[in-house]
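Asker: A structural model of the following input is requested.
(2 chains)
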There are 2 protein chains.
Amino acid sequence: MSFEKLPLEPLFAKIDELKPQFIDRLAKAIAIPSVSSDEELRPRVVDMAAFLVNELTNLGFADIQLKDLGTQPPPVVDASLQLPPIVLARFGADPAKKTVLVYGHYDVQPALKEDGWATDPFTLYHDTAADILYGRGSTDDKGPVLGWLNVVEAHNALGWDLPVNLVVCFEGMEESGSLGLDGLIEKEAKAYFKTVDTVCISDNYWLGTTKPVLTYGLRGCNYYQVSIKGPGADLHLGIFGGVIAEPMTDLVQVLAQLVDNNGKILIPGILEMVAPVTEKEDALYDDIDFSPEELHAAAGSETGLHNNKKDILKHRWRFPSLSIHGIEGAFSGAGAKTVIPSKVVGKFSIRTVPDIESKKLDQLVFDHVNKVFKELNSKNTLVVELIHDGDYWVSDPFNESFTAASKATEHVWKVKPDFTREGGSIPITLSFEQMLGTQVLLLPMGRGDDGAHSINEKLNVSNYINGCKTLGGYLHYYGKV
Amino acid sequence: MSFEKLPLEPLFAKIDELKPQFIDRLAKAIAIPSVSSDEELRPRVVDMAAFLVNELTNLGFADIQLKDLGTQPPPVVDASLQLPPIVLARFGADPAKKTVLVYGHYDVQPALKEDGWATDPFTLYHDTAADILYGRGSTDDKGPVLGWLNVVEAHNALGWDLPVNLVVCFEGMEESGSLGLDGLIEKEAKAYFKTVDTVCISDNYWLGTTKPVLTYGLRGCNYYQVSIKGPGADLHLGIFGGVIAEPMTDLVQVLAQLVDNNGKILIPGILEMVAPVTEKEDALYDDIDFSPEELHAAAGSETGLHNNKKDILKHRWRFPSLSIHGIEGAFSGAGAKTVIPSKVVGKFSIRTVPDIESKKLDQLVFDHVNKVFKELNSKNTLVVELIHDGDYWVSDPFNESFTAASKATEHVWKVKPDFTREGGSIPITLSFEQMLGTQVLLLPMGRGDDGAHSINEKLNVSNYINGCKTLGGYLHYYGKV
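Answerer: Predicted structure coming up:
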């Protein structure tokens, strides 16, 4: 190793020793079905917050607060539905130490045994032969959240002080748009979070299944809808087929001119905004542990657009992409239904990367769609709108926080981490960076095949335990800066 | 008038006299919510059959039979759900007279007050100022069904014999695919229907609102789906956007090459199969009471593809059309959802006309779709299938039955009817024609603005009462042939 290792072996040994307790802690958390998108399960999301408060209290965290975020905005069935609270707590307040804010979420995606789970999703199943922990939330994000608690428990058991002051921020709405989080961060930036030096988020995954990664970039996403309206109401096909300008016909023509079937964006001006890939940056891709076969395995098909590692990864992380998601207002069921929809709404999104300017992108999209539609010379009317945007994020992978995380990872896993980006967006990353004015590190615990959001979500025991060591090691290496 | 009028004034006067009873009969029928598509309302559909049996019995019909069609095939919630019976009955069996089979249906489309009805859909509302009868089934098809009963009642009241033998065939599944009817017709062709000379169906509408019509043609409909499959499961946009060949991108390209936004079918070979419009046929369109403004009013927009009467009507009746109905498997809800669907199924249909051969059409569609997809050179897989077809129908508008109906219409309405086609299909028309080997006449009672299948379905009292006179008159003129 090219750096001086800190004497963390007692900590790592203690974490190994406490493994049964840590797995038990995860089992208790998974047993609480804290599904934030299901209004009827909202009380169980609140139960999960209470579980965390109890654990934090027992571990000696101080200044524990349940931040009330008020009622959930529409659309909701129950207009008085309360948002789950954000859990804040501190461990240590030594002005001589750095302060690290760690973020995670205690809510989970929906899961039903009938969806195809091999075991009950809300009962942790430990496959001891493969040493894998199955259950909803195991990797996303209860494992990482509890990882921070486990690190504190191990320090307590050793009689060690934490090398930094720890501030935890655990939310219960991440799987449902992080409602209320931005407001909380803004409000607490100069209050609860005042002394925070850096932020660490453990809520993503390794690229593959064998090599740890640190993530320094995320694509953004601008989501558009194009609405085409014709007749005053849905029309009978037999009477109007052939005599009316059908909105669906127009929409299909418009959507067909957004992206070609090789994934090339057909809207002029977008690719020109993309920052050129420098030689140095290009070289970063050389060592990354990834192969086209992993893409095939993850996709369940050999239908990739690119056939070599670097092209695949660049198109996932570094270049924009345009996807057509569907059509609102048209027939979408099984079987045959003959109707001429009066209004149809096509949905598509563009993943954004440096240096695409969001507002300029919107204008290019609007101009192109309007131009294509004008050329159709249709009697129908078209409206194109942005309905959601989230900016991309790129960090310096060589800053203090990333360097500390890199050392901790190499110390635990005996291999330098890959520095990766992700193709998706994690909007809270930008929120923390911008509102706290700090660096943000994405330090994943789980593997690329953990199946977050899917059936049979899992976390390998080695990732859970070595993940705890990595989180703890990160605090020590960062505390030495 | 260019024909000798029959002395029908006493009949017409009696029908006028019985108007209150006829409206009351319709009110009783509308009060039975015989919605065939709603399994929970199936007992009410059966109640409606019982109501008809009671009426037929009181009027002196004989050989009344409720034909059991067995259980409804899947998909159904209740696997033991019985199909509603077909009601058969005769009035008269004089070998010296012609025998006319009249068909109608006693089931209706669903209707809820909350859908936007001004009044309860299952309570007949008589707007006496406008002299309009509102209620689900008023025009489709309870008014016409009861029309035949009213004709018999008027004859009975006058002490007149019917000029023909009448066979009624009323079904209770027309709004749900006429399940079981074809089998019944085939089975009874040489039995209950053995002596039938001609068939009259009153289950369609005038073209407009002022001039009666007789209908001599219907377009057919071939319905296709094109399925494109790529990844093994729906994929996360952030991870796979830009690196995987997206089935939606391919599907949009394929759908965009089916029809242009002027309604022109882009599949080679189809238009070449369409029978040329002869001069004589073209002239038939000259007198038809229709204007582009009526199209605008019916569509609720000025988004027609053609700007003159003859082009509009020919494209509705005489030329094929291709409509894209929607996409199964893609996002179809409101708002924004980022997902890459693994399999998407585009649905489109082609309205067919003489002399398009259905099987040849299928092959042209398959060849074109496969060729377009092959040119995309996509790694995804495509399957194109026919999922439903129904042939077009054209009759001789100058045969004995049409001539009798034309005379009756002119006698009652003081105007020659327009000879029209319809753009939609009524599959039972072909079934009766082919299985009984007889002519079929479509003799509508209601107007083009009656709103069958829509909210506030209505039947003008003048159409109901003059419709009864026309149905009765038709029997007399046809009986003289």
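Asker: I'd guessed A:Phe12 sits against A:Ala408; true?
Answerer: No: applying C-beta atoms under 8 Å, one finds A:Phe12 not in contact with A:Ala408, separated by 10.7 Å. Any C-beta I mention is one placed from the backbone N, CA and C, and that applies to glycine too.
Asker: between the two, point out the one with more neighbours.
Answerer: Using other C-beta atoms under 10 Å in any protein chain shown, the more surrounded residue of A:Phe12 and A:Ala408 is A:Ala408, with 26 against 19.
Asker: list of residues touching stretch A:263-279?
Answerer: A:257-260, A:305, A:314-315, A:318-322, A:350, A:353-357, A:360-361, A:364-365, A:368, B:242-243, B:245-246, B:249 (C-beta atoms under 8 Å, 6 or more residues apart in numbering or on different chains).
Asker: buried ones in stretch A:110-119?
Answerer: Residues of stretch A:110-119 classed as buried by neighbour count (16 or more other C-beta atoms under 10 Å in any protein chain shown): A:Ala111, A:Trp117.
Asker: any shared contact partners between A:Phe12 and A:Ala408?
Answerer: Common neighbours of A:Phe12 and A:Ala408, using C-beta under 8 Å, 6+ apart, are A:Lys469, A:Gly472, A:Gly473.
Asker: now do the end-to-end distance for stretch A:34-53.
Answerer: 15 Å (C-alpha to C-alpha, to the nearest Å).
Asker: now do that stretch: distance to the chain's middle.
Answerer: 20 Å (C-alpha atoms, centre = their mean, to the nearest Å).
Asker: quick one: low-confidence ranges for chain A?
Answerer: A:1 (pLDDT under 70).
Asker: for the host helix or strand of A:Tyr103, packing partners?
Answerer: Remark: A:Tyr103 resides in strand A:99-105, with elements defined by DSSP states H and E. Applying 3 or more C-beta pairs under 8 Å, 6 or more residues apart in numbering or on different chains; DSSP states H and E, one finds that strand A:99-105 contacts helix A:143-158, strand A:165-171, strand A:198-201, helix A:427-436, helix A:461-479.
Asker: that strand vs helix A:143-158, what angle?
Answerer: For strand A:99-105 against helix A:143-158, the angle by axes from the mean of the first three to the mean of the last three C-alpha atoms, to 10 degrees is 130 degrees.
Asker: strand A:99-105 vs helix A:427-436, what angle?
Answerer: 150 degrees.
Asker: which SSE is immediately downstream of strand A:99-105?
Answerer: strand A:125-127.
Asker: now A:Val100: how far from chain B?
Answerer: 26 Å (C-beta to the nearest C-beta, to the nearest Å).
Asker: which ones are touching the closest residue to that residue other than its chain neighbours?
Answerer: In space, A:Val100 comes closest to A:Val164 once its chain neighbours are excluded; the distance is 4.8 Å by C-beta to C-beta, 6 or more residues apart in numbering or on different chains. Listed by C-beta under 8 Å, 6+ apart, the contact partners of A:Val164 are A:Gly92, A:Lys97, A:Lys98, A:Thr99, A:Val100, A:Leu475, A:Tyr478, A:Gly479.
Asker: narrow those residues to those that are buried.
Answerer: Applying 16+ other C-beta under 10 Å to the contacts of A:Val164 flags A:Gly92, A:Lys97, A:Lys98, A:Thr99, A:Val100, A:Leu475, A:Tyr478, A:Gly479 as buried.
Asker: so how far is the strand holding A:Tyr103 off the chain centroid?
Answerer: 15 Å.
Asker: picking up where we left off before, chain B: which of the buried ones among the contacts of A:Val164 is nearest?
Answerer: Nearest to chain B out of those is A:Val100 (C-beta to the nearest C-beta; 26.3 Å).
Asker: my guess is that closest one contacts A:Cys200. True?
Answerer: Yes: the pair A:Val100 / A:Cys200 is scored as a contact, 6.0 Å apart, by C-beta under 8 Å.
Asker: A:Glu17: how many residues sit nearby?
Answerer: 11.
Asker: repeat that for A:His236.
Answerer: 16.
Asker: ranges for the helices of the stretch 201-350 of chain A?
Answerer: For the stretch 201-350 of chain A, the helices defined by DSSP state H, counting those that start in this stretch cover A:237-240, A:247-255, A:279-284, A:292-299, A:309-317.
Asker: tell me the most buried of those?
Answerer: Comparing the helices of the stretch 201-350 of chain A by mean neighbour count (mean count of other C-beta atoms under 10 Å in any protein chain shown), helix A:247-255 comes out on top with a mean of 27.
Asker: got a list of contacts for it?
Answerer: A:226, A:228-230, A:324, A:327, A:330, A:340-344, A:346, A:348, A:369, A:372-373, A:376, A:378, A:380, A:382, B:252, B:255-256, B:259-261, B:263, B:323-326.
Asker: gap between the closest residue to chain B within the stretch 51-200 of chain A and B:Gly335?
Answerer: Distances between the stretch 51-200 of chain A and chain B by C-beta to the nearest C-beta are smallest at A:Pro75, namely 8.8 Å. To B:Gly335, A:Pro75 is 9 Å away according to C-beta to C-beta, to the nearest Å.
Asker: can you check A:Val196 too?
Answerer: 34 Å.
Asker: with A:Leu81 instead?
Answerer: For A:Leu81 relative to B:Gly335 (C-beta to C-beta), the value is 18 Å.
Asker: give me the more crowded residue out of A:Val196 and B:Gly335.
Answerer: Counting neighbours by other C-beta under 10 Å for A:Val196 and for B:Gly335 shows that A:Val196 has the greater number, 20 against 12.
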